[in-house]
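Asks: quick one: sequence plus predicted model below, questions after.
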Amino acid sequence: MASYNILPPNKKKEKLKIIALQTDIAWADPTENHRRAEQMLSDISEQADLIVLPEMFSTGFATQPDGIAEQDAQPSLDWMRSLARRHNCAVAGSVATQTDGKYRNRFFFVTPDGEEQHYDKHHLFTYGGEHLRYTAGKERRVVCWRGVRILLQVCYDLRFPCFSRNQGDYDMAIYVASWPTTRVKAWSALLRARAIENQCYVLGLNRVGSDPQCQYPGASAFIDPYGETLAEADDRETALSATIDMEQLNAFREKFPVLNDRD
């Protein structure tokens, strides 16, 4: 066990500070993408409880993963663990991963003690051919960090509200994405809908820039349970921050118990 002082995962905090890095991803270059993320963090004086990175943050959205996907998520998983230790916070993001002879779009959640949980993207993007090479996950995943229950989701999952329906088991949903410019209006509308219908906080973290296939608009946003925007980004690299207020969330749910009437 490391010697630094951390809050246990189930230690409740009234507020959780989250920093989301909307990055321009260098194609198939994990070392450079790690460096860029660290450079962005070096300019931030705020102490975060959770740092979030976009979908396939280390390589770009590679539907042809041969020679690009990381074997057992290395070196990115080791880098995430190091980052979590240094900043005494959790680090989350999706990595194109090859493991057990299969490719997976795997969303990792790493804590300062080096432990990790992960979610394998369930809804593979058939329009872009992701389903031809990647294996879909079968289960959704909720992690608990410093008293906040967080649903892990990836990009195309955003279009499927039944899969992400809040069964009273989470307080926040995180969608990491490589969502293209041509469909940015749908991105923004669906993020707000997921927050309102599930009475939860939502972080939608998209990338910017381009890859061999698409242009990406950013447009990342933190949405509160009322559907109000707490923070949002344009089409440039930026660090977006917001605070999850559990006291306010619980008061809202108690006053207006919509989830009790869910299907």
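Replies: Perfect, I can see it now.

Asks: the strands in the stretch 151-263 of the chain, which residues?
Replies: Taking DSSP state E, counting those that start in this stretch as the criterion, the stretch 151-263 of the chain carries its strands at 172-176, 201-205, 208-210, 215-217, 221-223, 229-232, 238-245.

Asks: need those in CSV with distance to residue 15, mean neighbour count and mean pLDDT, can you?
Replies: From N, CA and C alone the C-beta is placed, and that goes for glycine too. CSV is the format used below for these (distance: least, C-beta to C-beta, whole Å; neighbours: other C-beta atoms under 10 Å; pLDDT from 0 to 100):
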stretch, distance to residue 15, mean neighbour count, mean pLDDT
strand 172-176, 12, 26, 98
strand 201-205, 11, 28, 98
strand 208-210, 28, 18, 98
strand 215-217, 30, 19, 98
strand 221-223, 13, 25, 98
strand 229-232, 12, 16, 98
strand 238-245, 5, 19, 97
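
Asks: name the spans of the stretch 1-150 of the chain whose pLDDT lies under the cut-off.
Replies: 1-13 (pLDDT under 70).

Asks: where along it do the helices fall?
Replies: Using DSSP state H, counting those that start in this stretch, the helices of the stretch 1-150 of the chain run over 30-42, 76-87.

Asks: winner for burial among those helices?
Replies: Most buried of these by mean neighbour count (mean count of other C-beta atoms under 10 Å) is helix 76-87; its value is a mean of 20.

Asks: could you check the angle that helix makes with helix 30-42?
Replies: 20 degrees (axes from the mean of the first three to the mean of the last three C-alpha atoms, to 10 degrees).

Asks: returning to that earlier point: of all the helices of the stretch 1-150 of the chain, which lies closest to residue 64?
Replies: Nearest of the helices of the stretch 1-150 of the chain to residue 64, taken as C-beta to C-beta: helix 30-42 at 16.7 Å.

Asks: report the distance from the closest one to the chain centre.
Replies: Here the centre of mass of C-alpha atoms in helix 30-42, compared against the chain's by C-alpha atoms, centre = their mean, to the nearest Å, lies 17 Å away.

Asks: hang on, the earlier thing: now tabulate the helices of the stretch 1-150 of the chain in TSV and tack on distance to residue 181.
Replies: Below are the helices of the stretch 1-150 of the chain laid out as TSV (distance: least, C-beta to C-beta, whole Å):
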stretch	distance to residue 181
helix 30-42	20
helix 76-87	26
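
Asks: now for those, which one comes closest to residue 249?
Replies: The nearest among those, by C-beta to C-beta, is helix 76-87 at 24.6 Å.

Asks: quick one on the thing from earlier: possible to save the strands of the stretch 151-263 of the chain as a markdown table with distance to residue 89?
Replies: Putting the strands of the stretch 151-263 of the chain into a markdown table (distance: least, C-beta to C-beta, whole Å) gives the following:
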| stretch | distance to residue 89 |
| --- | --- |
| strand 172-176 | 14 |
| strand 201-205 | 15 |
| strand 208-210 | 23 |
| strand 215-217 | 26 |
| strand 221-223 | 17 |
| strand 229-232 | 18 |
| strand 238-245 | 12 |
